[in-house]
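Undergrad: let's see this in three dimensions:
(2 chains)
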Amino acid sequence: MTSLRLLMKEIQNLKPIPAVVTQLLSAVDSPGSSMEDIANVIQYDPAITASLLKTCNCAYFGLKVPAESIKDAVNMLGIDQVTELALIKSGAQALSGRHQGYGLEQGEMWKYSVSSAMITKIVAAKLGLKNKNTLFTSALIKDIGKIVLEKHVADASEKITHLVKNKKYSFQEAEKKVLGIDHAELGAMIAKIWKFSPRMIKIIRHHHLADESRVSDREIAAIYLGDCICMMMGSGVGADGLAYRFKDQAMKSLGVTATDILMMIAEFGINLQKVDAFLQMA
Amino acid sequence: MKQIVGVADMKVSNKTEESIITYSLGSCIGLVVYDPVVKVGGILHYMLPESSIDTEKAAARPYMFADSGIPRLFKTAYALGAVKHRMMVYVAGGAEILDQGGFFNIGKRNYMALKKLFFKNNVIIHKQDVGGNTNRTVRLEIATGEIYVKTSGAKEVKI
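TA: Numbering: from 1, shown residues only, chains lettered A, B, ... in the order given. Predicted coordinates for the structure are as follows:
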């Protein structure tokens, strides 16, 4: 078992996600915010502003006149696109890097996170869900617990692998059994310390739907489905592979058919170039 | 030189200094073909079984689907001198999430689409590494036809 005190100490040593993320999330999901309010939040973070303008002006977005300020970018690309770019840039600081405990080479976890956020956006649109920025960000950082847990997963890899390969455990169940905590629980603890909204903390905590009573929460189920599709797509999937549980019940609750999933995968396939453009921000 | 096959992509080569690689096949399928006489080989990385679910997307990205991608892989290899009866065929991927059964099992559906097409066209699979819960990376050496498979966190293995 891993001591909670040790894990808490490791969380305190993590480089926190930039403050702009929480400010941005409260601005975008508040009905009273204007485009100007949102541009103002972003432009006070010079590193994110510079990187965001560079990405806006890359070939993928095809702007005829280069964007020179966040306000230009908002006018040319729209607030949703600029918000996504700012969230992605902020998340990159926490999730890029190498995570050997999960068999992930440099940048692979980041690739998975960006792909998962993109897929969740497709799922949210299909289901007509509203809090799209919260969902996008939750999908982007839901595996943050792995950053801290990876060292412990590496130390216990033999036991975890044995349970998954021979005892039919899911990877998350094996983490919990061997380490006393899994990456979703740990991720929620990190999100709490980083002062994310209670909603996001809950989504991160339940993103694998280990507790089936959460199935009726459409936002959690949407994040879960986005994660399942991302696992199936394989990009940035680590040593835990696809060893998580698929819940038919979640599909029933969302009213999603197998054909709907095929169509969402095709939609993602068409947008792969966008993922590449986003990844270059890291 | 390494030729990288992206997702919903295909590469065919007859350059013996090249290797072709495709990364991270989850439920997607990596189909490898190789003619040892002319040393022509290729890899297709497709995501979905049938293009009929969205013909517009299939026209834009034909390598996304089994039924529009597989014939293109064979035809491109033929154009470089490969001959059907000499071709070695290897299939990898088609992994599934735990408890993912029935119509929701996209990995199995991807594999079945390939089997259906091969049955119709008398194509035999020489080796395969499909199903399970792991994701795979596949590499083909054009000079020798040797194929290597790697799963995340493990070493590359020659098959």
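
Undergrad: neighbours around the residue lying closest to residue B:53 once chain neighbours are set aside, how many?
TA: Excluding its sequence neighbours, the residue lying closest to residue B:53 (Cβ to Cβ, 6 or more residues apart in numbering or on different chains) is residue A:262, at 5.2 Å. All C-beta spots, glycine's among them, are computed from the backbone N, C-alpha and C. For residue A:262, the count of nearby residues is 20 (other Cβ atoms under 10 Å in any protein chain shown).

Undergrad: what does the stretch 101-250 of chain A have sitting close to chain B?
TA: The stretch 101-250 of chain A has residues A:102-104, A:157, A:164, A:168, A:170, A:228, A:231-239, A:241-248 near chain B, with proximity defined as Cβ under 8 Å from any Cβ of the partner chain.

Undergrad: hmm, try it at 6 Å
TA: A:103, A:170, A:228, A:231-235, A:237-239, A:241-246 (Cβ under 6 Å from any Cβ of the partner chain).

Undergrad: so of the residues you listed, which ones are in helices?
TA: Judged by DSSP state H, helices contain the following of these: A:228, A:231, A:232, A:233.

Undergrad: spatially central residue in the chain, please.
TA: Unless you meant another one, I'm taking chain A. residue A:140 (1.7 Å; Cα atoms, centre = their mean).

Undergrad: if you could check chain B rather than the one you did, that'd help
TA: Of all residues in chain B, the one closest to the mean position by Cα atoms, centre = their mean is residue B:31, 1.5 Å from it.

Undergrad: what does chain B put close to chain A?
TA: Checking chain B against chain A by Cβ under 6 Å from any Cβ, the hits are B:7-8, B:24-28, B:47-48, B:53-54, B:57, B:61, B:64, B:95, B:97-100, B:103-104, B:106, B:133-135, B:152-153.

Undergrad: tell me where the stretch 1-150 of chain A has helices.
TA: A:4-13, A:19-28, A:35-43, A:46-56, A:70-77, A:79-95, A:108-127, A:132-141, A:145-155 (DSSP state H, counting those that start in this stretch).

Undergrad: who touches stretch A:251-259?
TA: The set of residues external to stretch A:251-259 that reach it, using Cβ atoms under 6 Å, 6 or more residues apart in numbering or on different chains, is A:215, A:216, A:221, B:103, B:104.

Undergrad: double-check that residue B:138 belongs to a strand.
TA: Yes: judged by DSSP: H, G, I helix; E, B strand; the rest coil, residue B:138 forms part of a strand.

Undergrad: ok, now which ones touch it?
TA: Shown in contact with residue B:138 (Cβ under 6 Å, 6+ apart): B:22, B:30, B:92, B:149.

Undergrad: which of the residues you listed are buried, as a PyMOL select command?
TA: Here is the PyMOL command that selects the buried residues among these (16 or more other Cβ atoms under 10 Å in any protein chain shown):
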select buried, chain B and resi 22+30+92+149
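
Undergrad: reformat the contacts of residue B:138 as CSV; add secondary structure and pLDDT.
TA: Shown next, in CSV, are the contacts of residue B:138 (DSSP: H, G, I helix; E, B strand; the rest coil; pLDDT from 0 to 100):
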residue, secondary structure, pLDDT
B:22, strand, 98
B:30, strand, 98
B:92, strand, 98
B:149, strand, 97
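
Undergrad: what's the farthest-apart pair in the contacts of residue B:138?
TA: B:22 and B:149 (10.7 Å; Cβ to Cβ).

Undergrad: so how many other residues sit close to residue A:6?
TA: By other Cβ under 10 Å, 11 other residues sit near residue A:6.

Undergrad: wait, residue A:30
TA: Applying other Cβ under 10 Å, I find that residue A:30 has 10 neighbouring residues.

Undergrad: SS state for residue B:91?
TA: Secondary structure state of residue B:91, per three-state DSSP, is strand.

Undergrad: need the contact list for it.
TA: Contact analysis of residue B:91 by Cβ under 6 Å, 6+ apart lists B:31, B:125, B:128, B:130.

Undergrad: correct me, but residue B:64 touches residue B:7?
TA: No: counting by Cβ atoms under 6 Å, residue B:64 does not reach residue B:7; the two are 8.3 Å apart.

Undergrad: how many other residues sit next to residue 139?
TA: No chain specified, so I'll use chain A. Residues near residue A:139, counting by other Cβ under 10 Å, number 29.

Undergrad: the intended chain is chain B.
TA: Look at residue B:139: counted by other Cβ under 10 Å, it has 20 neighbours.

Undergrad: ditto for residue B:18
TA: The number of residues near residue B:18, taken as other Cβ under 10 Å, comes to 16.

Undergrad: before we move on, the earlier item: what phi and what psi does the backbone show at the residue nearest to the centre of chain B?
TA: Backbone torsions of residue B:31, given as degrees, to the nearest 10, read phi -100, psi 120.
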